[in-house]
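Colleague: Provided below for reference: sequence and predicted model.
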Amino acid sequence: MALIKCSECGKEISDKAGTCVHCGCPITKEKHSIRKGTMMCTNCKSIFYEIYEQCPKCGSSNKITANPGENLPNAQPVGQKKKWTTSHTICLVGIILFLVILVQYGARSPSGSKWYVGGTLHKATISEWNKASYSNKLATAADWVVNISPRIKAKVQRSGSMDALRSYAAELVTCVNETAAGEGYSNMKAGEIAVSCGVIMGWTR
């Protein structure tokens with residue numbers, strides 16, 4: 001009696017068994033035809049081309065030349081296709097569910113659409129302003145615009161969309177950035193410069 005590996009669970013069983021005693025998989029008595037120029041590993045019974053000095057499956061150097069057309073029982077060709085199992089199906093379903101949840105969570109995230117939320121530079125110095133991200137500057141500038149100009153605030157309210165405010169906020173960020181690039185402004189408050197920009201651009205009228 002020889003021991004072979006179950007094609008389903010990989011555990012060793014008798015070659016005379018009709019089913020695997022571990023997982024119950026039916027055992028098929030397959031014989032694999034050996035092609036010319038192939039070798040068989042005497043350790044794991046794998047079949048591989050003679051160009052390999054060692055078995056590519058187990059690394060053993062113990063091999064024998066396989067005669068063309070010879071049928072070797074229990075031989076296991078390297079690279080043979082494995083059966084699709086229940087475990088594969090469960091794994092695939094898990095991956096799909098994870099991707100669906102990831103997409104839904106991303107769609108609910110407000111950070112991508114509400115550009116005017118989360119500004120934290122209202123009391124920042126110019127030095128702090130210069131180190132901040134553009135998105136933080138833009139959100140802060142949106143708050144400044146509606147406080148500086150009641151006219152622009154009313155215009156945004158009539159439009160019913162905060163997107164009408166974005167161009168004004170971007171313009172204010174540019175004005176503050178250009179002013180902050182000059183010397184002697186590092187200790188000033190960014191909000192003070194923003195108000196001055198609003199006056200210069202006529203937003204307070």
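Modeller: That came through fine.
Colleague: ok, longest helix in the protein?
Modeller: Using DSSP state H, we find that the single longest helix of the chain is helix 86-108.
Colleague: average model confidence for that helix?
Modeller: Here helix 86-108 scores 75 as its mean pLDDT.
Colleague: now swap in stretch 143-156 and tell me
Modeller: For stretch 143-156, the mean confidence score works out to 89.
Colleague: how about low-confidence regions in this protein?
Modeller: Scanning the chain for pLDDT under 70 picks out 1-2, 28-37, 48-52, 63-83, 104-113.
Colleague: just the strands in it please.
Modeller: For the chain, the strands defined by DSSP state E cover 3-5, 12-14, 31-33, 38-41, 46-49, 63-65, 71-73, 76-77.
Colleague: hey, C-alpha coordinates of the longest helix of the chain in CSV?
Modeller: Taking Å, rounded to 0.1, in the frame of the first residue of the first chain, the C-alpha atoms of helix 86-108 are listed here in CSV:
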residue,chain,number,x,y,z
THR,A,86,-16.1,26.2,-1.4
SER,A,87,-13.3,28.0,0.3
HIS,A,88,-12.5,29.8,-2.9
THR,A,89,-16.1,30.9,-3.3
ILE,A,90,-16.3,32.1,0.3
CYS,A,91,-13.1,34.1,-0.1
LEU,A,92,-14.4,35.7,-3.4
VAL,A,93,-17.7,36.7,-1.8
GLY,A,94,-15.8,38.2,1.1
ILE,A,95,-13.7,40.3,-1.2
ILE,A,96,-16.7,41.5,-3.1
LEU,A,97,-18.6,42.5,0.1
PHE,A,98,-15.5,44.4,1.3
LEU,A,99,-15.3,46.4,-1.9
VAL,A,100,-19.0,47.2,-1.8
ILE,A,101,-18.7,48.5,1.8
LEU,A,102,-15.6,50.5,0.9
VAL,A,103,-17.4,52.2,-2.1
GLN,A,104,-20.5,53.0,-0.1
TYR,A,105,-18.5,54.5,2.8
GLY,A,106,-16.5,56.6,0.3
ALA,A,107,-19.8,57.9,-1.3
ARG,A,108,-21.1,59.0,2.1
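Colleague: Can you mark which positions in that helix are buried?
Modeller: Neighbour counts over helix 86-108 (16 or more other CB atoms under 10 Å) mark no residue as buried. In short, each C-beta sits where N, CA and C put it, glycine included.
Colleague: Next: stretch 138-152.
Modeller: Here stretch 138-152 shows 138-146, 148-149, 152 as buried, counting by 16+ other CB under 10 Å.
Colleague: If we only consider these, which is nearest to Y116?
Modeller: Nearest to Y116 out of the buried residues of stretch 138-152 is A142 (CB to CB; 4.1 Å).
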